[in-house]
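Participant: Following is a predicted model, sequence given first.
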Amino acid sequence: MNSASSKPASIVIATRESQLAMWQAEHVQAILRSRGHEVELLGMTTKGDQILDRALSKVGGKGLFVKELEVALEEGRADLAVHSLKDVPMELPEGFSLACVMTREDPRDAFVSNKYASLDELPQGAVVGTSSLRRQALLQALRPDLKIEPLRGNVNTRLRKLDEGQYDAIVLAAAGLMRLEMSDRIRAKFDPAQMLPAAGQGALGIEVCSNRQDIIDALAPLAHMPTWLTVTAERAVSRCMGGSCSMPLAAFGRFEGDTLHMDAAWGDIEGQKPLVRVQASSTVTDFTSANALGESLAAQLQAAGAIPATKQA
């Protein structure tokens with residue numbers, strides 16, 4: 001069979017219906033169309049979009065954002081799903097795989113406020129909104145005097161709550177604001193040395209059924225290998241720590257030549273243990289070496305006092 005005959009006749013992308021998720025799906029749709037594919041979108045609402053009154057860590061984790069999309073893939077109603085990679089569980093269900101990781105957008109966290117230009121300018125006791133345990137732990141380490149309050153909902157909902165005065169500031173992923181052309185809402189971007197990003201933050205991952213070689217082949221030109229190797233190492237840290245949104249864990253890598261420099265941090269939300277931070281570097285040229293570096297960093301975290309999720313009560 002030649003490559004032309006194995007090209008899918010049309011491609012259906014399963015996507016959440018939030019504004020950011022739709023932007024991501026339309027971005028992939030446009031690239032695939034430019035390569036000669038017919039591409040349609042299948043908009044879906046997930047449990048993660050419906051449950052807004054409780055923290056994700058208490059209702060099943062970030063997998064709530066992908067489960068319905070996986071069912072659509074399994075039933076053949078869709079051929080691929082586009083995800084913010086930081087929302088994708090570290091272990092995919094059997095029969096599913098990441099077929100592609102695309103070029104990363106800015107991975108940093110953004111400080112958003114209508115009154116204050118930076119975290120340092122916030123007065124003592126100021127209210128900062130985030131539902132990320134990672135951000136909570138890092139914010140507490142930087143400014144233990146702040147009051148961290150839960151913040152759920154899509155980007156527009158979170159900004160509206162800020163504008164209504166419920167918070168003095170909120171912390172969001174810079175990538176989401178930039179993709180939605182809301183960069184003007186960003187007052188400052190945190191240096192990763194201050195606020196270490198989440199594993200995969202700013203990267204788009206495309207999930208498929210593992211047996212869909214035609215779709216995997218169609219997606220191959222969209223992959224950005226430096227990003228894919230970097231986030232593989234980051235996700236390996238998280239996987240070894242039992243990481244999910246119920247884990248206050250950060251992992252971030254950056255390439256210099258063939259050397260991947262990695263930082264990771266673990267925090268204790270209860271404030272009983274100090275923030276644990278570790279670093280490691282290694283030559284990374286394939287997924288095996290990327291995973292090995294991430295696993296090494298997770299071992300360093302545990303040796304320094306970080307507690308894996310499997311050992312937490």
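Facilitator: Right, received. Where do you want to start?
Participant: Got phi/psi on the nearest residue to D145 once chain neighbours are set aside?
Facilitator: With sequence-adjacent residues excluded and distances taken as CB to CB, 6 or more residues apart in numbering, D145 is closest to Q124, at 4.6 Å. For every residue, glycine as well, the C-beta is placed using N, CA and C. Backbone dihedrals for Q124, given as degrees, to the nearest 10, come out at phi -60, psi 130.
Participant: Tell me the confidence at Q124?
Facilitator: The predicted structure scores Q124 at 97 on the pLDDT scale.
Participant: so it touches P144, yeah?
Facilitator: No: assessed by CB atoms under 8 Å, Q124 is found out of contact with P144, at 10.1 Å.
Participant: how much space between the residue nearest to D145 and Q194?
Facilitator: Counting by CB to CB, to the nearest Å, the gap from Q124 to Q194 is 19 Å.
Participant: who has more neighbours, these two?
Facilitator: For Q124 versus Q194, the count of surrounding residues by other CB atoms under 10 Å is larger for Q194: 15 against 8.
Participant: Can you tell me the SS state at that one?
Facilitator: Q194 falls in the coil class when you classify it by DSSP: H, G, I helix; E, B strand; the rest coil.
Participant: In this structure it contacts L142, no?
Facilitator: Yes: in this structure, Q194 is within contact of L142 by CB under 8 Å, at 6.4 Å.
Participant: any common contacting residues for these two?
Facilitator: Overlap between the contact sets of Q194 and L142, as judged by CB atoms under 8 Å, 6 or more residues apart in numbering, is given by L119.
Participant: all strands of the chain, in order?
Facilitator: Per DSSP state E, the chain has strands spanning 11-16, 39-44, 80-84, 96-101, 109-112, 127-129, 147-149, 169-173, 188-189, 204-209, 249-256, 259-266, 276-283. These are given in chain order.
Participant: Dump these to CSV, plus mean pLDDT.
Facilitator: Converted to CSV, these look like this (pLDDT from 0 to 100):
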stretch, mean pLDDT
strand 11-16, 94
strand 39-44, 94
strand 80-84, 94
strand 96-101, 96
strand 109-112, 98
strand 127-129, 98
strand 147-149, 96
strand 169-173, 97
strand 188-189, 97
strand 204-209, 96
strand 249-256, 96
strand 259-266, 97
strand 276-283, 97
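Participant: between those, which gets nearest to L73?
Facilitator: strand 204-209 (5.3 Å; CB to CB).
Participant: And that closest one, how far out from the chain middle?
Facilitator: Taking the mean of its C-alpha atoms, strand 204-209 sits 13 Å from the chain's own mean (CA atoms, centre = their mean, to the nearest Å).
Participant: what is the orientation angle of that strand with strand 80-84?
Facilitator: Counting by axes from the mean of the first three to the mean of the last three CA atoms, to 10 degrees, strand 204-209 points 150 degrees away from the direction of strand 80-84.
Participant: and strand 204-209, which strands flank it?
Facilitator: The strands that strand 204-209 pairs with in its sheet are strand 80-84 (antiparallel), strand 96-101 (antiparallel) (by DSSP bridges).
Participant: now stretch 100-120: how far from the chain's centre is it?
Facilitator: Centroid separation between stretch 100-120 and its chain, computed with CA atoms, centre = their mean, is 13 Å.
Participant: Send me that stretch as CSV with only the CA atoms.
Facilitator: As requested, the backbone C-alpha atoms of stretch 100-120 are provided in CSV (Å, rounded to 0.1, in the frame of the first residue of the first chain):
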residue,chain,number,x,y,z
CYS,A,100,2.4,14.3,18.7
VAL,A,101,3.6,17.2,21.0
MET,A,102,3.7,20.5,19.2
THR,A,103,6.0,23.5,19.6
ARG,A,104,5.7,25.0,23.1
GLU,A,105,4.2,28.4,23.8
ASP,A,106,5.6,30.4,26.7
PRO,A,107,5.6,28.0,29.6
ARG,A,108,5.6,30.6,32.4
ASP,A,109,2.9,31.6,34.9
ALA,A,110,1.3,35.0,34.6
PHE,A,111,0.5,37.5,37.4
VAL,A,112,-2.8,39.1,36.6
SER,A,113,-4.2,42.0,38.6
ASN,A,114,-6.1,45.2,38.1
LYS,A,115,-4.4,47.0,41.0
TYR,A,116,-0.9,45.7,41.4
ALA,A,117,2.0,45.3,38.9
SER,A,118,3.7,42.3,40.5
LEU,A,119,3.6,39.8,43.3
ASP,A,120,6.0,42.0,45.3
